[in-house]
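A.B. asks: let me see the structure of the following:
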Amino acid sequence: MKLYQLVIVMFLFFVNSISFAFCQDVTLSWDPSPTSGVDGYKVYYKQGNMTPPFDGIGADQGASPVDVGDTLSTMLTGLSDGVTYFFTVTAYQDPDSESSFSNIVSNSWIPSLTIPTDNTTAEPVPVTFRWETAPSGYDVTYTLFYGTDEAEVTSATSGILPPPWGNNLIPTGLILVLIVGLLTQIEYGQIMSMKPVIKPAYTFLAVILAGGILTACGGGGGGGSSSDRSATSTETPVTESVLYSIDKGSSDYHQAFDLTGSTTYFWKVVATDTRDPNLTYESEVRSFTTEVF
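C.D. replies: Predicted coordinates:
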């Protein structure tokens with residue numbers, strides 16, 4: 001099966017909302033595929049989010065995908081007014097030969113990812129992530145997500161992820177430290193008189209304290225629960241995926257020093273409205289591979 005390369009430089013041109021009919025008409029345009037012999041193009045759409053499948057319905061032209069033939073622009077009419085839609089295009093030569101999706105665009109603003117370039121290889125570390133800032137009228141903050149598992153990055157929300165070692169054992173250890181401190185304040189005579197008892201008690205408390213701190217801080221790595229680690233502790237170690245979330249405020253870039261060499265990472269940016277935390281604008285997911293070092 002022959003697949004065609006499809007390059008979309010300027011995809012979405014015009015959105016016209018017709019409030020009287022409670023619908024909107026969306027005009028789309030794209031650059032031609034650089035591959036010769038293309039018979040036509042298909043426009044895919046859906047509402048709500050940009051995660052495949054693009055199985056939208058509601059356009060007068062039919063459910064997604066809409067075969068628009070050998071043309072470089074089209075209009076989808078009858079889409080619900082006030083709803084955010086996402087669009088992408090493929091090129092085809094026959095029913096069995098279709099390209100992968102083009103870039104994804106929306107009738108609402110979404111952050112455009114600038115660097116690293118999608119699918120780039122030998123990306124030097126530290127990696128600089130950069131994205132487009134929101135246009136005038138938007139008041140948003142940005143969260144950067146990147147990791148080694150595409151599905152995890154795609155499904156990540158705008159919330160900041162908890163640290164992989166987060167549990168309640170460290171506060172317990174601190175409480176034990178306070179207990180030991182109180183015991184040291186006992187008068188010298190009382191300590192001497194209870195010496196046979198205090199020694200085992202101190203030993204017992206020290207063991208609990210060390211175990212709690214080691215359990216909280218050890219065990220290695222991000223992702224997975226303690227039960228997952230214990231279940232595989234006697235087997236061959238399995239490389240776990242990692243997922244980072246960075247609150248960038250109003251900044252439009254981030255430098256990452258915590259990446260490993262010869263590894264493929266996926267990344268995206270989610271912009272969250274400062275006045276309505278439930279209103280978010282999510283970029284597409286891109287990938288890059290770091291250099292060998």
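A.B. asks: how many other residues sit next to Asp25?
C.D. replies: 17 (other Cβ atoms under 10 Å). Every C-beta, even on glycine, is put in place using the N, C-alpha and C of the backbone.
A.B. asks: again, but for Ser102
C.D. replies: 22.
A.B. asks: what does the one 5 residues further on give?
C.D. replies: By the other Cβ under 10 Å criterion, the neighbourhood of Asn107 contains 22 residues.
A.B. asks: one more: Pro52?
C.D. replies: Neighbour count for Pro52, taken as other Cβ under 10 Å: 12.
A.B. asks: nearest spatial neighbour of it, skipping sequence neighbours?
C.D. replies: The shortest distance from Pro52 to any non-neighbouring residue, by Cβ to Cβ, 6 or more residues apart in numbering, is to Phe101 (7.7 Å).
A.B. asks: thinking the one you found is in contact with Val89, fair?
C.D. replies: Yes: judged on Cβ atoms under 8 Å, Phe101 makes contact with Val89 at a distance of 7.5 Å.
A.B. asks: with neighbour numbers in mind, choose between the two.
C.D. replies: Shown here are Phe101 and Val89; by other Cβ under 10 Å, Val89 has more neighbours (27 against 17).
A.B. asks: give me the pLDDT value at the closest residue to the more buried one other than its chain neighbours.
C.D. replies: Nearest non-adjacent residue to Val89, counting by Cβ to Cβ, 6+ apart: Ser102, 4.5 Å away. For Ser102, the model assigns a pLDDT of 88.
A.B. asks: again with Gly159
C.D. replies: pLDDT at Gly159 comes out at 54.
A.B. asks: quick one: low-confidence parts of the chain?
C.D. replies: 1-22, 158-239 (pLDDT under 70).
A.B. asks: okay, helices next: where are they in it?
C.D. replies: Under the criterion DSSP state H, the chain contains helices at 150-155, 169-183, 188-193, 195-217, 226-231.
A.B. asks: so Asp247 versus Trp109, what's the distance?
C.D. replies: Distance, Asp247 to Trp109, using Cβ to Cβ, to the nearest Å: 20 Å.
A.B. asks: hang on, the earlier thing: pretty sure the residue nearest to Val89 sits against Trp30.
C.D. replies: Yes: using Cβ under 8 Å, Ser102 is in contact with Trp30, at 6.7 Å.
A.B. asks: show me what counts as buried in stretch 38-49.
C.D. replies: Across stretch 38-49, burial judged by 16 or more other Cβ atoms under 10 Å covers Val38, Tyr41, Lys42, Val43, Tyr44, Tyr45, Lys46.
A.B. asks: next, count neighbours for Ala151.
C.D. replies: So Ala151, with other Cβ under 10 Å, has 12 neighbours.
A.B. asks: same deal with Ser136?
C.D. replies: Residues near Ser136, counting by other Cβ under 10 Å: 4.
A.B. asks: repeat for the one 10 residues further on
C.D. replies: Using other Cβ under 10 Å, the number of residues around Tyr146 comes to 26.
A.B. asks: OK, contacts around the nearest residue to it once chain neighbours are set aside?
C.D. replies: Distances taken as Cβ to Cβ, 6+ apart place Trp267 nearest to Tyr146, at 3.8 Å, with adjacent residues excluded. Residues near Trp267 by Cβ atoms under 8 Å, 6 or more residues apart in numbering: Leu113, Phe129, Leu144, Phe145, Tyr146, Gly147, Val153, Val285, Arg286, Ser287, Phe288.
A.B. asks: with Asp60 instead?
C.D. replies: Asp60 makes contacts with Leu76, Thr77, Gly78, as judged by Cβ under 8 Å, 6+ apart.
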